[in-house]
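Novice: The following block contains a protein sequence and its predicted model.
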Amino acid sequence: MARIELRDVAKRYGSVEVLRNIDLEIQDGEFIVLVGPSGCGKSTLLRMVAGLEPISSGDFLIDGERMNDVRPRDRDIAMVFQSYALYPHMDVARNMGFSMEIRKDPVAERKSKVAQAAETLGLSNLTDRLPKALSGGQRQRVAMGRAIIRDPQAFLFDEPLSNLDAALRVEMRLEIARLHQKLSATMIYVTHDQVEALTLADRIVVLNGGDIQQVGSPLELYERPANKFVAQFIGSPTMNVVPVIGTDTGVTAGNGAAIELPDQPLTAQAKELGVRPEHIDVVDNGTGDLSAVADVVEHLGSDTNIYVNVEGIGSMMVRKHGNIPVNSGEQLGLRIQTENAHLFADDGTALRPVA
Amino acid sequence: MEGKPVIDRAQKTVRPGETRARRSLYLQYMVEPFFYLSPAILLIGAVIMIPLIIGISYSFQSIELLKPFASGWIGFENYVDLWSDRKFWIAMENTLFWTFWSITFQFLLGLGLAMLLNTQFFGKKLFQALVFLPWAVPTFLSALTWAWLFNPVIGPLPHWLAALGILSEPYNILGDPELAMWGPITANIWFGVPFFAITLLAALQSIPGELYEAAEVDGATPWQTFTKITLPFLAPMIAITVMLRTIWIANFADLIFVMTGGGPANSTQILSTYIFTTAFRKLDFGYASTIAVALLVILLIYAVILLWLRKKLVKI
Amino acid sequence: MSAVKNPNPALIVGKYAALAFYLIFALFPLYWLLKIGLTPDALIYSEGTRLFPSEITFSNFTTVIFQTDFVAYFRNSLVVSLGAAFFTTLFAAGAGYAFSRFVFAGKRIIIALMLVTQMFPLLMIIAPIYKIVAELGLLNSLTSLIVVYTAFNIPFATFLMQSFFDGIPKDLEDAAMMDGCSRFQALCKVVFPLTLPGLGATLGFVFTAAWSELLFALMLISKNDAMTFPVGLLTFVSKFSVDWGQMMAAGVLALIPSCLFFIFIQRYLVQGLTSGAVKG
């Protein structure tokens, strides 16, 4: 098991800097999820940890030892690829046992380990098949089997579920969570799907444009996003963000509605107000902070999504638990749960009460 | 090569920070491609590039094996001679004629064959192997075969042509200065159609099938589908293939050399056969190199124009 | 008038007529070669233009094989073509791999140089190569032919191999390296087995090209015992200028290896070019 540290790591291709100032400490046994939009550098970072991409500058350490110049094969890290990268010319058993074959481990040991891993992943009756004869989910399992068989210091996952259909994705997500509980190994997981990030991670690292935006537990990111990017990236549906003018006691929205924010200091610097759809209450017309017209209403049974138009502000979204009897075109009052509101300064950073 | 250190390191397992491991991964990434490339580069450099430079330098020298005492640097004298060499201009004209008609027929027949091969029919695999066969026939043998086919004594072609009224009587067109060039051109078409068919077939197969389905849904006629989808998709491949093939055919001396030797009366003498006969019949290497440089310049200009056109016309 | 699934019968007739045309055009010259080779000497002139000979004989073939230097030519060509094919494929695989997998300084220049080698008149360097080979004392040696053919075929073979490598996901090597391979091991254990069709196609392509090369062989080889097929057959032409039957028989025999190779590889050639074409 391993503690992984990145100290001021950067990655450049020629003069283009794709990652900069990456400082990250990953504890032994921790499940870290790297999340961000495509092109943010998350996969590059993972490949640098794997040793598949050289590190341009900074230090990369495993258990306190600098590993920048150690080749992938000597890092004792296993990786599950997005494409699974199963060797097309080898059957399932050989695919899973390939690392032991390369290390020239005894055949008997290899066989028993392969059998054991196949058992764990429910692949026992498929071991003599070629990858092309497997379904997507089965291939995914083989790719995981190939990783766990080595009992490595750390596991890396590069968007492992993105090629699966929705139902299978949920199933495999659980499988990975179970795997982590069972092995309690260090895991680094890359995804662009925030649901995977929120459900799997001990801590999430949000990346954008080559910078770390925030590191924290799922709840931390949800409750106290460091900036507007994280606020909008984490949480589904997306947080509503509206431009406001800060006053001493609250903010004034574009339509002139004043919203008192007693829990928030620094309101005077606020340029934008962020409220999650689930943190807006629907109240009688004429009361609350804002008056709005329901545009589209989606009844999901467990929840109701209301897309509203607020005059002078634009469209916002409200989500309420249960079935709310609202019809399209209806006039509504909206009340913002001020204790759950977020304020952002000019540069997008969140304004927070000083703890 | 790399085998030894690999074994070492596997036994040592993870020893970071040690002097050996310090050899930066970066350095390795910079050096490794050249490990794979070097044999190819060395050979090309030694066998093609260096002789090429020497060859160009020959064109500024007098190197006639028959006049060993007259050799030495002579500046542009060879080029001046070239300008007033009537045979050179005839050969140039013949080169254009030879290249243009060869490439036109090769391309059209090749495109037709590729489109046929892109459909389904019984025995397609065997058919494909058989129609591609001419490409595998050694060129000298194609040349000999066609020379024999055009020979009225043992070949049927003159008799057929006479029966069709194209020839007044069955004689060998390779001996007729008016028609001789069509002999090698026919052989060249026969030999070159498979190449076009193979490359165009590859390009055809890479056109996504949904496009054709979409066109069908939109009510396009087969001809519209061909001109609006197939041709634009093939265009980049066509441009490259036609360019490479034109250059190759202009340089291609084997067929003419074996079938007519440039005759009769220089009527089939193209630049590359002229180079060959100058070098190895007259043993005048200097002048042969001068003709070769001229041909190279013409081909370079041609390639630049075609690449420029491709950039302008091909939007994909 | 659009989506009628039954195609026009005239189109079908036209299609099969076109197929027949291509087939006859491709095979008739080869048939003629075989026909004259099989015709008894006495009938060559009297039946010169008949489609089918009234009698056939294998005597031309046996004469060519047992009473001429044919076997020596055949052996020389085999040595040269196999040698060139082997080395070209080996080096081109390396170069194609480097182009496919690495980004490195000078890559564009090297590719451009390789393209240039496909462009200029080979005749231009025939004289310098003759001089160099003569000075090295390698005239009339098969080695010099192997070296020259290898160098000339490397550029095209490299592009061909590159397109095959491009068709193999990079993830596979990365996975192999994570599994404990060095890059070279990953190449041998994972990439190499998957490129076998590509290697076969390249091998066959170079073999065919080397088998039929005439000009360099003509120039670098003048001794009978080192002659390759093309050169040998040309001497046939001058030596037995009237013995059509034997020449044709020799021609048929010369065709066999390259045709065998070609029938084996042509499928992979289309495949290799397809993966390249996708990238434009």
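Specialist: Yep, it's here.
Novice: Can you show me the CA trace of stretch A:300-312 as PDB?
Specialist: Backbone C-alpha positions of stretch A:300-312 (Å, rounded to 0.1, in the frame of the first residue of the first chain) are rendered in PDB as follows:
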ATOM      1  CA  LEU A 300     -40.000  12.500 -11.800                       C
ATOM      2  CA  GLY A 301     -42.100  11.000  -9.100                       C
ATOM      3  CA  SER A 302     -39.500  11.200  -6.400                       C
ATOM      4  CA  ASP A 303     -38.600  14.800  -7.400                       C
ATOM      5  CA  THR A 304     -40.100  17.700  -9.300                       C
ATOM      6  CA  ASN A 305     -37.900  19.800 -11.600                       C
ATOM      7  CA  ILE A 306     -39.300  23.300 -12.300                       C
ATOM      8  CA  TYR A 307     -37.700  25.500 -14.900                       C
ATOM      9  CA  VAL A 308     -38.800  29.000 -14.200                       C
ATOM     10  CA  ASN A 309     -38.400  32.400 -15.800                       C
ATOM     11  CA  VAL A 310     -37.600  35.200 -13.400                       C
ATOM     12  CA  GLU A 311     -38.100  38.600 -14.900                       C
ATOM     13  CA  GLY A 312     -35.000  40.600 -15.200                       C
END
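Novice: residues of that stretch that come out buried?
Specialist: Across stretch A:300-312, burial judged by 16 or more other C-beta atoms under 10 Å in any protein chain shown covers A:Asp303, A:Thr304, A:Asn305, A:Ile306, A:Tyr307, A:Val308, A:Val310. Heads up, the C-betas are built off the backbone N, CA and C, glycines and all.
Novice: Going by distance to B:Gly183, which of these wins?
Specialist: Proximity of the buried residues of stretch A:300-312 to B:Gly183 (C-beta to C-beta) peaks at A:Tyr307, which lies at 78.4 Å.
Novice: List the residues that contact that closest one.
Specialist: By C-beta atoms under 8 Å, 6 or more residues apart in numbering or on different chains, the residues touching A:Tyr307 are A:Ala294, A:Asp295, A:Val296, A:Val297, A:Glu298, A:Ser315, A:Met316, A:Met317, A:Val318.
Novice: rerun that using 10 Å as the cut-off
Specialist: Neighbouring residues of A:Tyr307 by C-beta atoms under 10 Å, 6 or more residues apart in numbering or on different chains: A:237, A:277, A:292, A:294-298, A:315-318, A:328.
Novice: So which of these sit within strands?
Specialist: Taking DSSP state E, the ones among the contacts of A:Tyr307 that sit in strands are A:Ala292, A:Ala294, A:Asp295, A:Val296, A:Val297, A:Glu298, A:Ser315, A:Met316, A:Met317, A:Val318.
Novice: any chance of the buried residues of stretch A:300-312 in JSON lines, plus secondary structure and pLDDT?
Specialist: Formatted as JSON lines, the buried residues of stretch A:300-312 follow (DSSP: H, G, I helix; E, B strand; the rest coil; pLDDT from 0 to 100):
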{"residue": "A:Asp303", "secondary structure": "strand", "pLDDT": "91"}
{"residue": "A:Thr304", "secondary structure": "strand", "pLDDT": "92"}
{"residue": "A:Asn305", "secondary structure": "strand", "pLDDT": "93"}
{"residue": "A:Ile306", "secondary structure": "strand", "pLDDT": "94"}
{"residue": "A:Tyr307", "secondary structure": "strand", "pLDDT": "95"}
{"residue": "A:Val308", "secondary structure": "strand", "pLDDT": "93"}
{"residue": "A:Val310", "secondary structure": "strand", "pLDDT": "89"}
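Novice: ok so, going back, go through the ones in strands among the contacts of A:Tyr307 and give me the one with the most neighbours.
Specialist: Within those, most neighbours by other C-beta atoms under 10 Å in any protein chain shown means A:Val318, with 26 neighbours.
Novice: Run a quick neighbour tally on B:Leu283.
Specialist: B:Leu283 sits with 14 neighbouring residues when counted by other C-beta under 10 Å.
Novice: Isn't it up against B:Ile63?
Specialist: Yes. Counting by C-beta atoms under 10 Å, B:Leu283 touches B:Ile63, with 8.8 Å between them.
Novice: which neighbours do those two share?
Specialist: Residues touching both B:Leu283 and B:Ile63 (C-beta under 10 Å, 6+ apart): C:Ala127.
Novice: on that earlier part again, of the ones in strands among the contacts of A:Tyr307, which is the nearest to B:Asn266?
Specialist: Nearest member of these to B:Asn266, counting by C-beta to C-beta, is A:Ser315, at 82.3 Å.
Novice: circling back: with distance to A:Val215 and pLDDT as new columns, can the contacts of A:Tyr307 be given to me in CSV?
Specialist: Conversion of the contacts of A:Tyr307 to CSV gives the following (distance: C-beta to C-beta, whole Å; pLDDT from 0 to 100):
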residue, distance to A:Val215, pLDDT
A:Pro237, 24, 89
A:Pro277, 25, 94
A:Ala292, 36, 90
A:Ala294, 38, 92
A:Asp295, 37, 92
A:Val296, 36, 92
A:Val297, 38, 92
A:Glu298, 34, 92
A:Ser315, 32, 91
A:Met316, 29, 92
A:Met317, 28, 94
A:Val318, 30, 94
A:Ser328, 42, 90
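Novice: wait, which of these is closest to chain C?
Specialist: A:Pro237 (33.6 Å; C-beta to the nearest C-beta).
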